[in-house]
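Enquirer: 3D model of this:
(chains A, B, C and D)
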There are 4 protein chains.
Amino acid sequence: VTVVLTHNSYGKSQVRLTHVTRHGERHDLKELSISVQLEGDFAASYASGDNRNIVATDSMKNTVYVFAKKHGIGTIESFGQTLARHFLQTYAQVWAATIALTELSWRRIEDHSHAFISGSNEKRTCLVTLNRQSLRVEPGVSELSLLKTTDSAFGGFVRDEFTTLRETNDRILATLVSAHWLCATPSPDWDGIHRMARLSLVDTFARHRSLSVQETLHAMGQAVLAACPEINEITLTLPNKHHLLVNLEPFGLDNQNEVFVPTDEPHGLITGTLSRSGTG
Amino acid sequence: VTVVLTHNSYGKSQVRLTHVTRHGERHDLKELSISVQLEGDFAASYASGDNRNIVATDSMKNTVYVFAKKHGIGTIESFGQTLARHFLQTYAQVWAATIALTELSWRRIEDHSHAFISGSNEKRTCLVTLNRQSLRVEPGVSELSLLKTTDSAFGGFVRDEFTTLRETNDRILATLVSAHWLCATPSPDWDGIHRMARLSLVDTFARHRSLSVQETLHAMGQAVLAACPEINEITLTLPNKHHLLVNLEPFGLDNQNEVFVPTDEPHGLITGTLSRSGTG
Amino acid sequence: VTVVLTHNSYGKSQVRLTHVTRHGERHDLKELSISVQLEGDFAASYASGDNRNIVATDSMKNTVYVFAKKHGIGTIESFGQTLARHFLQTYAQVWAATIALTELSWRRIEDHSHAFISGSNEKRTCLVTLNRQSLRVEPGVSELSLLKTTDSAFGGFVRDEFTTLRETNDRILATLVSAHWLCATPSPDWDGIHRMARLSLVDTFARHRSLSVQETLHAMGQAVLAACPEINEITLTLPNKHHLLVNLEPFGLDNQNEVFVPTDEPHGLITGTLSRSGTG
Amino acid sequence: VTVVLTHNSYGKSQVRLTHVTRHGERHDLKELSISVQLEGDFAASYASGDNRNIVATDSMKNTVYVFAKKHGIGTIESFGQTLARHFLQTYAQVWAATIALTELSWRRIEDHSHAFISGSNEKRTCLVTLNRQSLRVEPGVSELSLLKTTDSAFGGFVRDEFTTLRETNDRILATLVSAHWLCATPSPDWDGIHRMARLSLVDTFARHRSLSVQETLHAMGQAVLAACPEINEITLTLPNKHHLLVNLEPFGLDNQNEVFVPTDEPHGLITGTLSRSGTG
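Expert: So this is what the prediction gives:
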């Protein structure tokens, strides 16, 4: 059989890294997980095990550590670009590099100089895609867990033979926000934008009177675009982590939105991309 | 700020389902997890909470159960298509439906009529994408865990200032195969093809003398295309689950590829798509 | 073969519960996971399927929801006792009830009346064991994730043929604290004690100059006993989540405790129980 | 505050190990995860950071690898005893050693000399506890996943104000067996006993007509004691992984035990210990 290798890429995933910056007594801490994927002229390794063009994934891992030492992390948005550029500049056989970075949440214990406590599961994320023509930097957040106990309704949807869900004007709305965005300017204030975008997401979720998860998603995206002029486009993914009202009628009790069963599966999954009008 | 909703979709994820078919005393068992995602004319729900076009994700879940009862599962490839067609045929506002199906592994206990034991974590998967123009069915496997204790080498790769990895002509090669393929014929023998493709993957992994994970991937894909004339294209993803040789020199011992530390992270990640020559 | 059922117990695990208390506009939120285990005169169900003495585990689940509605949660320490007493008072065939409660961490979004954000993975825990003779209430914390970048040493340990670890006077110390304690007074201020015990754990970890994880554990336990006169005994479990210093010498770089690989496995695991002198 | 360290232990957890035995061309493979915990005269390390009696957990890890190389694994029951004895014989300050071993499931690919495929999640386990007076070896299995589609009933249980569960004479019974046992003879044929005990568990689950999970557990334990004269005592833990019958009445369909929702939480949890009559 005659076959063609129509796509290939390879790399190293889950390169974990804790980086300490020492300002005298006072230490800063970042913990990252980084994945590197390269596309390029690697067909000979696939077809015949000729590895002359192959940068070992172990060397990619080394590169991450060497760059962390030499340049520090700065932001994941800048560190990801530095890594991506390195692979294209150093290796002519590389056509594109994709660097996925995840930053875990650590908070300083009070104002202690070198002791930290884990924050939530919320992560700061960035996906950098660089090829010989273009660069794409997509900062974001993931696993941002939000819940509101009221101001969420869902009604007016299609009712047909497959419908058993009742309309509700008062339910728990719980979600685990993933969002990523694109900036118009090449080197914005990544930390400032992240802070502002995240704040808009959380604040809008809290204040919005929701008629559907779709509407909440739209309001959250709109708020980010309004608050962050550098952002041209945002994609949000909101699972609907259903909280089932427990039926207490068999026990002669009236459950007035007090006792719920939180569930993980099945869950709704709502996505949407919002762009600033007039941009692609 | 003026915004445009440039993309949207929503659905229900992780709809779990155990289906029993009773042939008199003898029962058959399938356990699935199914996700449904719809794209369509849903912008009004996002923009203003007008849910008139919204099929509740709860109704999607009901639909899965109703269809399982009415039609049985058959294969996940056929069941996924049935579901996808239903959503497009029933709801004019739906432009596209994506159905992701995962079948867990249960084996009959000896020849017992109704008792079963879990197989491995290996799953049979299928992704069905249907829109008003086209249908795409991508059967596959995931979490197929394979290991060989020899006949795996890695050498001749780029050596530069970032390289510390030694060349080796004998190492453990362990991976967790994900693969999915595309068929030329519209309604092939899904079970037969799955059996044959899976067998080719496992058998080739076992017999191939590997010069790189890339080469092993290529050989596995090639074998599937050779064995299954219905398959036109296959995509494989092979993590390299590194097994580190323990250094026993400090203890005066010579570790001749006997004692290894299996690791989960970081791991190599090798992907490739092979197409039958002369096909897209 | 003649057999004796020398021990038995059964119950319901992972009963999840979200409870909302409404003070007018302002809502409070608690999310719990609860397990109930009963011991008693259940041998007939085991030996011959005579279930007359069996309280269905489904009824245990109902009981948890009914009690949450009727009495609210209050603290997990009090709610667990209420549940345990119910099972012994209602069912003569029950000899002992063990209630394990885990409270997840939710924080109010700023001062919003009904919107919340997940805190960390840290959980508040309580194990209540009640039989016809005695009551034992063991409040605690789990998954409290702490890290310090210096003030941690480890030296002077046994050096023999199995030792390759170097002594260090400066390393990262990272752990995931589990702790539970026993109170002398029957109904103390559970919230106040939890706050104070947790604060002592965190604060001592941060300030202590560690010569071993064992010593840190001891200092943390001692601090809790000093700060909380109601607590008579505390048990701590501290995994040592090793952070490996990356060797950058091959790249001509001197890694001065800047770049580490955080690891999950293998990990040290250090436990200890401290009691107030003169108490059991 | 004056405190006493009333209990202490420490060790290394999750030491992972892949061991290859080479019989010429034909290789055997074992993958283990091992935890070591020591109790002993370690109070000085806790109280004052005096580590003179401390065997570093890193050295424990080294010991595991050295012993695997020197002696091979044999069975986890024998390897665990070898490790435990080493720690007590080598270090006078050690009072007790607890070795927990888990063996993962790998199967040879057909009759290939050196290629393997993961079996199920089922694990072979062993807990060895050795002190200066006594030895306890508890072999077992965990995560043995079994399901039967009929021959399972549950009725005749307590009905009171907390009961909503209907009686059933036909349901799915699904569980994830954990079991461990004790042998009368000091060095039995560990492999043979494991094979026979496991077979009895699986076979009895399949053939037993269950009136309650409790009764199934009892029958399984009894079968092991009948089949394995070397075993004096067995403890089983059976979660009841509920499969909920989907209510299809709203859709005009009669669900005759065909479509179920498998659930993970909440779940029943049934335990019991059976001893051979006349033994402790």
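Enquirer: Figure out the helix or strand that residue A:63 lives in.
Expert: In the assignment (DSSP states H and E), residue A:63 maps to helix A:57-71.
Enquirer: quick one: the helices in the stretch 151-280 of chain A?
Expert: Using DSSP state H, counting those that start in this stretch, the helices of the stretch 151-280 of chain A run over A:190-207, A:213-227.
Enquirer: Alongside chain D, which residues does chain A contribute?
Expert: In this structure, chain A approaches chain D at residues A:161-162, A:164, A:250-251, judged by C-beta under 8 Å from any C-beta of the partner chain. All C-beta atoms are positioned from the backbone trio N, CA, C, and that covers glycine.
Enquirer: Closest to residue C:129 out of those?
Expert: Using C-beta to C-beta, residue A:251 is the member of those that lies nearest residue C:129, at 26.7 Å.
Enquirer: Just give the nearest non-adjacent residue to the residue of the stretch 1-150 of chain A found nearest chain B, would you?
Expert: Chain B sits closest to residue A:49 of the stretch 1-150 of chain A, with a gap of 2.6 Å, by C-beta to the nearest C-beta. Of all residues not flanking residue A:49 in the chain, residue B:211 sits nearest, at 2.6 Å (C-beta to C-beta, 6 or more residues apart in numbering or on different chains).
Enquirer: So what angle separates the directions of the helix holding residue A:63 and helix B:213-227?
Expert: If you take axes from the mean of the first three to the mean of the last three C-alpha atoms, to 10 degrees, helix A:57-71 sits at 140 degrees to helix B:213-227.
Enquirer: Figure out which of the helices of the stretch 151-280 of chain A is closest to chain C.
Expert: Chain C sits nearest to helix A:190-207 of all the helices of the stretch 151-280 of chain A, at 3.4 Å, using C-beta to the nearest C-beta.
Enquirer: Does chain C have contacts with the closest one?
Expert: Yes - counting by C-beta under 8 Å from any C-beta, chain C has neighbours in helix A:190-207: A:202-203, A:205-207.
Enquirer: Out of these, flag the one nearest to residue B:183.
Expert: Of all these, residue B:183 sits closest to residue A:205, with 43.7 Å by C-beta to C-beta.
Enquirer: The nearest residue to that closest one once chain neighbours are set aside sits in which helix or strand?
Expert: Leaving out its chain neighbours, the residue that sits closest to residue A:205 by C-beta to C-beta, 6+ apart is residue A:146, at 4.9 Å. Here residue A:146 is covered by strand A:135-148, with elements defined by DSSP H and E.
Enquirer: Pull that strand out as PDB, backbone CA atoms only.
Expert: In PDB, the C-alpha atoms belonging to strand A:135-148 read as follows (Å, rounded to 0.1, in the frame of the first residue of the first chain):
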ATOM      1  CA  LEU A 135       2.300  34.700  15.400                       C
ATOM      2  CA  ARG A 136      -0.800  34.000  17.500                       C
ATOM      3  CA  VAL A 137      -0.900  34.500  21.300                       C
ATOM      4  CA  GLU A 138      -4.000  33.400  23.100                       C
ATOM      5  CA  PRO A 139      -4.000  34.200  26.800                       C
ATOM      6  CA  GLY A 140      -6.800  32.900  29.000                       C
ATOM      7  CA  VAL A 141      -8.100  31.300  32.100                       C
ATOM      8  CA  SER A 142      -9.300  27.800  32.800                       C
ATOM      9  CA  GLU A 143     -11.200  26.100  35.700                       C
ATOM     10  CA  LEU A 144     -12.500  29.300  37.100                       C
ATOM     11  CA  SER A 145     -15.300  27.900  39.200                       C
ATOM     12  CA  LEU A 146     -18.300  30.300  39.800                       C
ATOM     13  CA  LEU A 147     -21.700  29.700  41.300                       C
ATOM     14  CA  LYS A 148     -24.700  31.900  42.000                       C
END
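Enquirer: Flag every buried residue along that strand.
Expert: For strand A:135-148, the neighbour count (16 or more other C-beta atoms under 10 Å in any protein chain shown) marks A:137-142, A:144-148 as buried.
Enquirer: okay if I get the helices of the stretch 151-280 of chain A as CSV plus mean pLDDT and distance to residue C:174?
Expert: Below are those laid out as CSV (pLDDT from 0 to 100; distance: least, C-beta to C-beta, whole Å):
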stretch, mean pLDDT, distance to residue C:174
helix A:190-207, 98, 25
helix A:213-227, 98, 34
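Enquirer: any chance of the buried residues of strand A:135-148 in TSV, with pLDDT too?
Expert: Converted to TSV, the buried residues of strand A:135-148 look like this (pLDDT from 0 to 100):
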residue	pLDDT
A:137	97
A:138	98
A:139	98
A:140	98
A:141	98
A:142	98
A:144	98
A:145	98
A:146	98
A:147	98
A:148	98
